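Asker: give me a model of this one.
(chains A and B)
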Amino acid sequence: MSNNLPETSQHFVADASATPVHVVDSLDETDKARSTWADAWDAMRTRPMFWIALSLIFVIVLVAVFPRLFTAEAPNSGCLLPNSNGGPEAGHPFGFTRQGCDVFARVIFGAQASLVVGLLATALVTAFGIVIGALAGYYGGFLDAVVSRVGDIFFAIPTVLGAIVLISVLPERTPVVIALVLAIFAWPQIARIMRGAVLSARSADYVTASTALGVSRFRILIRHVLPNAIAPVIVVATTSLGSFIVAEATLSFLGIGLPPNIMSWGNDIGQARTSVQTAPMVLFYPAAALSLTVLSFLMLGDVVRDALDPKARARR
Amino acid sequence: MLGYVGRRLLQLIPVFFGATFLIYFMVFSLPGDPIAALFGERPPPDSVIAAIRAEYNLDEPFIVQYFLYVGGILTGDLGTTYSGRPVEDLLAQAFPITFRLAMLALFFEAVAGILVGLIAGLRKGKLFDASALVVSLLLISVPTFVLGFILQYVFAIQLGLFRTTVGPGAPIQDLILPAIVLASVSFAYIVRLTRASVADNVGADFVRTATAKGLSRPRVVTVHVLRNSLIPVVTFLGVDIGSLMVGAIVTEGIFNINGVGGTVFRAITLGEGPTVVSFVAVMVIIYMLANLLVDLLYATLDPRIRYVK
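Answerer: Here you go, the predicted structure:
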């Protein structure tokens, strides 16, 4: 058959510039391998939403840490009843609450409680979930069985419902206590995700390779399995921060979250509901602050997910 | 299949005992004397206290109390409230209302969420898609109780389209507004889930094949794209049945509905232990069964999934 072909086509070799060979040749082997994190960072920093979310979060954190920078008004001192539900005036841009307190100052000072609960609950759930989920998924056996069953039990009790029951019997309600209670009922989600990710990373070739090289099991878990399995947890943790903030506000709104002497958006919304017909703006401002905070963490979570999930990255 | 269902049901048993024990432990072993709370300033005679303690098995060791209680639940006796009313009565009165509210919410979020998500997924990157994404982000970040007040204020108080609170017996037309509020967050999640899933599947080989063999666009979209995109959505809906019942605590509070959420919340604030535990136990059962139902639905939606014995 080859006899019928022109002679040149039998021995034709393409010029190096026309083949992919030059791409391979031009690679610099001394370049460090790019990690998932570096790729993710590149994917994130080109998106405006990432920077919008980040600047919003920066401002909110600043407000929570240094509320005095933003308002000269002490939130509870200058409360005068004649100002009850008063409209905005000079120095009081958001008007007054039913008790005659400055709404703007209360909104500013309320940031702290929300942020403390959100960050602390997320940190607790993430740390506990990663440790428990990784150990269960990696070592398997009895430990895995126990962790999974106990997780099922906590998972069967919806977070807010469990929190309401537990908080109602606790003597003290501080932001730290609320964060702890929320974390107690929310940890199985992260633990499950971590367990699943570790399970699939456990059987990867690089784990077999490390084992063959004589690396200890625990070291493999820490150095090789964990870094490759943690991405989905980071994604869920970022989004759950927002839901913890909402949960705290819901509890405070129901009157069993933070006590009234601790300023929080949930408390303020709960108090403003009694006069929503006459002064709807008193309810609007803390609600807007709350929603904006949750929104910025949600947007950050969205960007992080898109950046860490290769499937989502290909889709964009 | 039957073996699978049986195994899953067996697995639910320890979870049921664990979850009810946890709730029971929190309600009954922690400080606070429910009987003292019953009688205000003047302490009741000792004989009365003893009678009440005996009736609620408060003198038994804690673990015995728990098993007596669970035995009661399993034989259909949910106990009585401290004021002497059977908890069953309370449940029989509250449950249908919340069930109707949750089903209405589920209907809204499923129909509207899948429709909006489908259109957004098919027109990825267009104006409709972008606005659907923005609206869903906003809905997720505005807490339910805030949205409840806004809708109540605008539609009930200002426009007068609905009644501000739900009347006795909770007729359907009064439940429409609360159901929309209850469904809002889940609606947003369903839009995002459906959109992502549809956008994934539209480019899949089986969709190209279906188009290539000459099927009409509506048929390709409904039978091939939609059916394959619904699997994550169905999971979400199943889990959501439980969340809706619980989320109803807030919605029922705003619209003054006498459902499960309202009753549980009142019982918790009044320290009505038996009511709390019984209601939560029923909610946990619903939640678990809904999850099981979802796993079984998988097989009908995705023929690749088969349950082996």
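Asker: is chain A contacted by the helix or strand hosting B:V181?
Answerer: Secondary structure from DSSP states H and E places B:V181 in helix B:172-202. Yes - Helix B:172-202 is in contact with chain A by Cβ under 8 Å from any Cβ of the partner chain, via B:199-200. For glycine as for every other residue, the C-beta is placed from the backbone atoms N, C-alpha and C.
Asker: who are the packing partners of that helix?
Answerer: With contacts defined as 3 or more Cβ pairs under 8 Å, 6 or more residues apart in numbering or on different chains; DSSP states H and E, helix B:172-202 has these neighbours: helix A:310-315, helix B:87-122, helix B:127-141, helix B:144-151, helix B:227-254.
Asker: what's the average pLDDT for the first one?
Answerer: On average, the pLDDT along helix A:310-315 is 55.
Asker: before we move on, the earlier item: for the helices and strands packed on helix B:172-202, give me CSV that also has distance to B:F21 and mean neighbour count.
Answerer: Formatted as CSV, the helices and strands packed on helix B:172-202 follow (distance: least, Cβ to Cβ, whole Å; neighbours: other Cβ atoms under 10 Å in any protein chain shown):
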stretch, distance to B:F21, mean neighbour count
helix A:310-315, 41, 12
helix B:87-122, 18, 20
helix B:127-141, 34, 17
helix B:144-151, 30, 22
helix B:227-254, 19, 22
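Asker: what residue ranges in the stretch 101-250 of chain B score low on pLDDT?
Answerer: Across the stretch 101-250 of chain B, residues meeting the criterion (pLDDT under 70) sit at B:167-170.
Asker: the same query, at a cut-off of 80, please.
Answerer: The model of the stretch 101-250 of chain B has pLDDT under 80 over residues B:156-158, B:160-174, B:235, B:238-239, B:242-243, B:245-248.
Asker: pass me the low-pLDDT residue ranges in the stretch 101-250 of chain A, would you?
Answerer: Counting by pLDDT under 80, the stretch 101-250 of chain A shows low-confidence ranges at A:101-103, A:105, A:158, A:169, A:171.
Asker: residue contacts, the residue of it found nearest chain B?
Answerer: Proximity of the stretch 101-250 of chain A to chain B (Cβ to the nearest Cβ) peaks at A:I153, 3.4 Å away. The contact partners of A:I153, by Cβ atoms under 8 Å, 6 or more residues apart in numbering or on different chains, come to B:14-15, B:18-19, B:22.
Asker: try A:G196
Answerer: Taking Cβ under 8 Å, 6+ apart as the definition of contact, the neighbours of A:G196 are A:137, A:232.
Asker: host element of it?
Answerer: According to DSSP H and E, A:G196 maps onto helix A:175-202.
Asker: and the next element down the chain from that helix?
Answerer: With DSSP H and E setting the assignment, the helix or strand that follows helix A:175-202 is helix A:205-212.
Asker: for the next helix or strand after that next one, name the packing helices and strands.
Answerer: As assigned by DSSP H and E, the chain's next helix or strand after helix A:205-212 is helix A:217-220. On a contact count with 3+ Cβ pairs under 8 Å, 6+ apart, helix A:217-220 meets helix A:205-212.
Asker: re the thing from before, give me the buried positions along the helix holding B:V181.
Answerer: B:174-202 (16 or more other Cβ atoms under 10 Å in any protein chain shown).
Asker: got a list of what B:T251 touches?
Answerer: Shown in contact with B:T251 (Cβ under 8 Å, 6+ apart): B:101, B:144, B:148, B:178, B:181-182, B:257, B:261.
Asker: next up, phi/psi of the residue nearest in space to the middle of chain A, please.
Answerer: Closest to where the C-alpha atoms of chain A average out (Cα atoms, centre = their mean) is A:T238, at 1.3 Å. The phi/psi pair for A:T238 (degrees, to the nearest 10) reads phi -60, psi -40.
Asker: isn't it right up against A:D306?
Answerer: No - the pair A:T238 / A:D306 is not scored as a contact, 11.6 Å apart, by Cβ atoms under 8 Å.
Asker: ok so, going back, take the contacts of A:I153 and lay them out in JSON lines including pLDDT, neighbour count and distance to B:N291.
Answerer: Shown next, in JSON lines, are the contacts of A:I153 (pLDDT from 0 to 100; neighbours: other Cβ atoms under 10 Å in any protein chain shown; distance: Cβ to Cβ, whole Å):
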{"residue": "B:P14", "pLDDT": "86", "neighbour count": "13", "distance to B:N291": "15"}
{"residue": "B:V15", "pLDDT": "85", "neighbour count": "23", "distance to B:N291": "10"}
{"residue": "B:G18", "pLDDT": "88", "neighbour count": "18", "distance to B:N291": "15"}
{"residue": "B:A19", "pLDDT": "86", "neighbour count": "24", "distance to B:N291": "13"}
{"residue": "B:L22", "pLDDT": "86", "neighbour count": "21", "distance to B:N291": "18"}
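Asker: now, those residues that are in helices?
Answerer: Per DSSP state H, helices hold the following members of those: B:14-15, B:18-19, B:22.
Asker: give me the pLDDT for A:P88.
Answerer: 71.
Asker: and what of the one 3 residues further on?
Answerer: As predicted, A:G91 sits at a pLDDT of 66.
Asker: gap between B:S197 and A:A123?
Answerer: Distance, B:S197 to A:A123, by Cβ to Cβ, to the nearest Å: 32 Å.
Asker: got it, and A:L182?
Answerer: Counting by Cβ to Cβ, the gap from A:L182 to A:A123 is 12 Å.
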